[in-house]
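Visitor: Need coordinates for the below:
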Amino acid sequence: MDLESISEATSGAIGSLLSTTILYPLDTCKTRYQADVRANDRAKYRNLSDVFWEAISTRQVLSLYQGLETKNLQSFISQFVYFYGYSYFKRLYLETSGAKSIGTTANLILAAAAGACTAIATQPLDTASSKMQTTAFGKSKGLWKTLTGGTWSDAFDGLGISLLLTANPAIQYTVFDQLKQRLLRGKENKTGKGSSPEALSAFTAFVLGAVSKSIATVLTYPAIRCKVMIQAADPDDDEKTKEARPKIRKTIPGTLCAIWKREGVPGFFKGLHAQILKTVLSSALLLMIKEKISATTWVLILAIRRYLFLTRGRLKNA
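Guide: The predicted structure follows:
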């Protein structure tokens with residue numbers, strides 16, 4: 001059993017769970033703002049804060065948390081699968097190639113492979129989460145009703161673009177790993193071999209996480225907005241709202257065409273600031289928490305393995 005990969009996956013999943021919960025209201029506002037595709041003069045949300053004020057004015061503040069359980073489940077599973085796959089693929093590459101370190105190109109490919117596995121495994125939960133967030137405040141359904149509300153293929157809405165977006169975490173974690181290695185290598189040169197710290201400080205991990213996620217988000221944002229629009233719930237507002245909102249074909253070309261016709265080139269980057277704010281904070285918190293609990297997680301896994309080994313030995317002797 002690859003205990004090191006399990007340790008990486010567990011610490012990453014826990015970090016994702018905590019960061020998702022802390023920032024979920026911001027995530028809901030961001031998703032609803034991105035899903036609004038009407039022309040600027042008739043837009044329901046002109047700013048990210050409009051979503052928040054709508055929740056307050058309609059006394060539906062708690063609805064900013066609608067879909068939190070689904071999002072947490074999706075985040076935990078996706079980060080566990082991603083970090084396990086990423087760690088496993090890196091170890092496999094080093095063992096088969098005989099190389100002492102992983103280059104940037106190889107790192108990107110390995111990260112993309114781990115991201116593809118994650119997208120396929122968690123797409124139904126990702127789609128359900130987006131639908132629950134974009135449903136009218138106070139009208140969100142549970143996970144099972146959301147998943148069974150359409151066909152099986154509907155649960156995989158946006159899978160193609162999710163696979164395309166594996167470039168996002170691939171860029172993010174590659175940049176993070178490269179910056180981390182250079183930083184630790186620089187400290188090793190100053191303090192001498194063998195004395196370099198095994199983990200970054202919380203503040204350093206936060207800054208590196210923010211920088212790496214910002215770069216990845218800017219490069220892939222048009223695809224990110226397309227994905228949100230594809231996965232968004234069908235409008236269930238009043239008739240005037242339905243007439244104002246254009247029908248969008250849930251395909252990548254259809255979504256791109258809708259953005260182009262209604263909003264022009266700026267529409268492809270609508271909500272970029274909100275995406276950066278949310279994802280940078282989330283990613284930075286995730287990596288910071290992961291760095292701080294990875295050592296503890298490793299110790300716990302070793303303790304559990306030792307306990308199971310001793311228990312099995314006692315049963316055999318009995």
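Visitor: rest of the way, CA atoms for contacts and neighbours
Guide: Noted.
Visitor: Tell me where the stretch 1-150 of the chain has helices.
Guide: Remark: helices assigned in the stretch 1-150 of the chain by DSSP state H, counting those that start in this stretch are 3-22, 24-35, 48-57, 68-97, 104-134, 143-147.
Visitor: In contact with the residue positioned nearest the centre of the chain: list those residues for me.
Guide: In the chain, the centroid-proximal residue (CA atoms, centre = their mean) is residue 75; its distance is 6.6 Å. By CA atoms under 8 Å, 6 or more residues apart in numbering, residue 75 lies in contact with 13, 16-17, 20.
Visitor: can you tell which of the helices of the stretch 1-150 of the chain is closest to residue 160?
Guide: Ranking those by proximity to residue 160 (CA to CA) places helix 104-134 first, at 9.3 Å.
Visitor: tell me what that closest one is packed against?
Guide: helix 24-35, helix 68-97, helix 143-147, helix 159-164, helix 167-191, helix 202-231 (3 or more CA pairs under 8 Å, 6 or more residues apart in numbering; DSSP states H and E).
Visitor: So which bits of it are buried?
Guide: Of all the residues in helix 104-134, those buried under the rule 16 or more other CA atoms under 10 Å are 107-119, 122-134.
Visitor: now it against helix 167-191, angle please.
Guide: Orientation check (axes from the mean of the first three to the mean of the last three CA atoms, to 10 degrees): helix 104-134 against helix 167-191 gives 130 degrees.
Visitor: Can you give the distance of helix 104-134 from its chain's centre?
Guide: 8 Å (CA atoms, centre = their mean, to the nearest Å).
Visitor: again with stretch 283-290
Guide: On CA atoms, centre = their mean, the centre of stretch 283-290 falls 12 Å from that of its chain.
Visitor: For that stretch, which outside residues touch it?
Guide: 11-12, 14-16, 18-19, 201-203, 205-210, 213.
Visitor: Drop the exposed ones from these and show what's left.
Guide: Buried among the contacts of stretch 283-290 (16+ other CA under 10 Å): 11-12, 14-16, 18-19, 202, 205-210, 213.
Visitor: Tell me the buried residues in stretch 292-302?
Guide: In stretch 292-302, counting by 16+ other CA under 10 Å, buried: 292-294, 297-298, 301.
Visitor: Of the residues you listed, which belong to helices?
Guide: Judged by DSSP state H, the subset of those located in helices is 292-294, 297-298, 301.
Visitor: still on that earlier bit, turn the buried residues of stretch 292-302 into TSV, including pLDDT and distance to residue 251.
Guide: Compiled in TSV, the buried residues of stretch 292-302 are given as follows (pLDDT from 0 to 100; distance: CA to CA, whole Å):
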residue	pLDDT	distance to residue 251
292	74	41
293	76	40
294	73	40
297	72	41
298	70	43
301	72	44
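Visitor: With distance to residue 285 as added columns, please give the residues you listed in TSV.
Guide: Converted to TSV, the buried residues of stretch 292-302 look like this (distance: CA to CA, whole Å):
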residue	distance to residue 285
292	11
293	12
294	14
297	17
298	20
301	23
